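Trainee: Need the 3D shape of this:
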Amino acid sequence: MARKTRDLADRYGEWALVAGASEGIGRAFAAALAESGLDLVLVARRRAPLEALAETLRREHGVKVVVAVADLGAPDVVDVIRRQTGDLSVGLVVYNACYSTIGEFAETDVESKLLTVAVNCAGPVRLLDAYVRPMIARGRGGVIVMSSMAGFQGGAMIATYAASKAFDAVLGESLWAELTPKGIDVLVCVAGATSTPTFEAQTPAARRRRAFPGSPESVVDDALEALPKKRRGPTIVSGRLNKVAHFFFDRVLGRGAASRVFSRSTRSIYGDG
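Mentor: Now for the predicted structure:
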């Protein structure tokens, strides 16, 4: 990874911010960016895993790491982060944080659904509004917004989460159109099922293989390799199987059929049957 990303500091600046850095894909982003020599701001709700990760990255890669404990769904999240980081010049922002509750829409509480919207939709809007403006003034920067295969079509038992990932994808694609001419690289990285602690906690062990989970490191490799390539367009799908599935859903099936097929999959993994 270091060979692929060692020019990131030259391209984006000294500091990168990873939102949702305590585990899974976010932790893998932090490790890869530290290996490339970038100093890091690590953001998540839980202090202990952030501090442990920060110490590991400082020791193994000799980078500076600032921990910012914040609720990414809160209205004051930017102020909370800045009180802990000061006026660091952040040149690369990775918004990986997400929240999801699995279950039929009418059987899950409205508070959990609104928390999904707050973390997955309002969170990236607030952070990118704050950190993109200085990038524009500097004439350089980078943004990675993580989306999901669930955002390409409706899916039973994950309605609010799937809708939030569609929001993330369109937000990132819109920023790509606006910011690329201003010298800022923007990428939407679409991941499928990934072997993270959240996936393992939410998915019955006997059914995990049905989702064909990939590794967090492979998602990060794909994203960091694609980010500087302006000709590739705004969005990539990480993983060969996910690319095949997306082609099938997008080019072969209509939206209704795609939603039915995807919903059969989600129910086979998370339903009672």
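Trainee: can you give me the strands for the protein?
Mentor: Taking DSSP state E as the test, the strands found in the chain are 15-19, 39-44, 65-69, 90-95, 141-148, 184-191, 235-237.
Trainee: how about the ones you listed in JSON lines, adding distance to residue 253?
Mentor: Bear in mind the C-beta positions are built from the backbone N, C-alpha and C, glycine included. Listed next are the strands of the chain as JSON lines, based on distance: least, CB to CB, whole Å:
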{"stretch": "strand 15-19", "distance to residue 253": "33"}
{"stretch": "strand 39-44", "distance to residue 253": "37"}
{"stretch": "strand 65-69", "distance to residue 253": "42"}
{"stretch": "strand 90-95", "distance to residue 253": "29"}
{"stretch": "strand 141-148", "distance to residue 253": "18"}
{"stretch": "strand 184-191", "distance to residue 253": "17"}
{"stretch": "strand 235-237", "distance to residue 253": "16"}
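Trainee: Make JSON lines out of those and add mean pLDDT.
Mentor: Output for these, formatted as JSON lines (pLDDT from 0 to 100):
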{"stretch": "strand 15-19", "mean pLDDT": "96"}
{"stretch": "strand 39-44", "mean pLDDT": "96"}
{"stretch": "strand 65-69", "mean pLDDT": "95"}
{"stretch": "strand 90-95", "mean pLDDT": "96"}
{"stretch": "strand 141-148", "mean pLDDT": "94"}
{"stretch": "strand 184-191", "mean pLDDT": "94"}
{"stretch": "strand 235-237", "mean pLDDT": "89"}
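Trainee: right, and those strands - which one's nearest residue 125?
Mentor: strand 90-95 (9.6 Å; CB to CB).
Trainee: The stretch 1-150 of the chain: helices as residue ranges?
Mentor: Using DSSP state H, counting those that start in this stretch, the helices of the stretch 1-150 of the chain run over residues 2-5, 8-12, 24-35, 47-61, 77-85, 110-117, 123-138.
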